[in-house]
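A.B. asks: following is a predicted model, sequence given first.
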Amino acid sequence: MYDSFHQLIKTHVETIPHSRVHSLKTFGEAFFVKRDDELSFGVSGSKLRKYASLLPFLKKKGVKEAILSGNPFSNHILSLTQLLIENSITPTLFLLKNREMFPHTGNFLLLSLFVEENKIQWVPESDWPHLEEILDEYRKQTPHSYIIPPGALMAEALPGALTLSLDIHSNEEDLGHEFSHIFIEAGTGLSAIALILGLATLGRDTKVHVLLLADSHLEFVRKVEEFRSIFNTLSGCDLSQEKVESQFEIHMPSLAQSFGSTNARIFEEIRTIARNEGFLTDPIYSAKLFLESRQIIKNNCIKGPTLLIHSGGGLTLMGFEKQLQKKSV
């Protein structure tokens with residue numbers, strides 16, 4: 001299956017992103033971090049991988065306008081908007097409008113540099129349950145437009161997301177050993193799902209520990225099965241459900257459990273990692289992963305070579321200046 005897997009990526013991805021791996025001092029011996037945060041300043045690393053196949057698809061299809069929807073502070077919307085403009089594709093944004101006005105901070109502040117606010121389609125909370133119909137109606141009236149779901153959770157982004165498993169394989173060859181455990185967080189979940197599918201295809205016994213930050217256990221398992229079927233169709237492989245299910249374990253956050261929520265402990269973790277490891281994490285994704293992984297590793301007595309995926313998202317820190325100021329002393 002390896003040849004089919006590699007051919008799938010080669011066919012759909014113009015450039016395979018590569019990031020380095022280095023040791024983690026505060027986790028103990030044989031613990032490492034994969035620095036996908038270094039893939040781009042403005043675009044979150046895991047998302048850059050997904051877009052590596054999505055953008056070639058959009059250009060080949062002749063898409064002139066991409067329709068995005070979500071929260072004004074979304075990493076996905078900020079990241080993809082930049083690449084769409086670079087590739088002369090107009091980003092049209094349908095953003096959730098809460099009862100209160102949004103402060104111009106964090107990702108929303110940066111997003112306003114790329115898109116004029118009067119060109120944003122604001123969708124009230126009361127209409128948000130009908131978003132799919134709203135987007136479809138707009139698409140019908142707009143030639144050469146295409147709807148991109150939140151997190152680019154779509155078949156066209158799967159080949160790009162699969163590059164993570166190949167890149168880890170390259171890191172392992174450089175290090176001279178394979179990882180027994182890999183930790184990754186999941187929002188919409190495509191990056192984690194692609195990692196599971198990629199390692200399963202490569203015949204690896206590596207256990208993927210997935211920290212769910214948005215989905216329920218059942219919803220994530222459903223998505224895994226959906227994309228297993230998509231992967232088999234795209235690649236011509238016959239990756240079994242049993243193999244895929246044995247590849248991962250699901251973990252739920254023990255603190256700040258609702259998606260997007262934070263607390264003082266998370267900001268303490270951001271400071272700890274910065275001062276002891278020398279890199280920044282964000283409070284929505286990566287800092288939660290590092291904090292929860294410490295406890296999971298301890299509770300399960302995980303030894304062996306272990307890798308944590310730093311997916312990026314550092315620009316999110318701009319929206320948490322007050323919380324960071326409290327931890328800077």
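C.D. replies: Nice, thanks for sending it over.
A.B. asks: would you map the strands across the protein?
C.D. replies: Counting by DSSP state E, the chain has these strands, from start to end: 21-23, 31-35, 65-70, 90-97, 121-124, 145-148, 181-186, 207-212, 248-251, 306-310.
A.B. asks: which of those strands sits most buried?
C.D. replies: Greatest average neighbour count among the strands of the chain goes to strand 181-186 (a mean of 27), per mean count of other CB atoms under 10 Å. Where C-beta positions appear, they are placed from N, C-alpha and C, glycine not excepted.
A.B. asks: counting by contacts, list what that one packs against.
C.D. replies: Where contact means 3 or more CB pairs under 8 Å, 6 or more residues apart in numbering; DSSP states H and E, strand 181-186 is packed against helix 190-201, strand 207-212, helix 286-299, strand 306-310.
A.B. asks: do you know which of these lies nearest residue 41?
C.D. replies: strand 306-310 (14.4 Å; CB to CB).
A.B. asks: and that closest one, average pLDDT?
C.D. replies: Strand 306-310 carries an average pLDDT of 98.
A.B. asks: next: stretch 187-200.
C.D. replies: 97.
A.B. asks: buried stuff in it?
C.D. replies: Buried residues in stretch 187-200, counting neighbours by 16 or more other CB atoms under 10 Å, are found at 187-200.
A.B. asks: likewise for stretch 253-271?
C.D. replies: Quick answer for stretch 253-271 (16+ other CB under 10 Å): 253, 256, 262, 266, 267, 269, 270, 271.
A.B. asks: list the residues that contact the residue lying closest to residue 51 once chain neighbours are set aside.
C.D. replies: Among residues not flanking residue 51 along the chain, residue 83 sits closest, at 5.6 Å (CB to CB, 6 or more residues apart in numbering). Residue 83 makes contact with 43, 51, 55, according to CB atoms under 8 Å, 6 or more residues apart in numbering.
A.B. asks: same question for residue 166.
C.D. replies: 6, 9, 16, 198.
A.B. asks: same thing but at 10 Å, please
C.D. replies: For residue 166, the contact set (CB atoms under 10 Å, 6 or more residues apart in numbering) comprises 2, 5, 6, 9, 13, 16, 18, 198, 201, 202.
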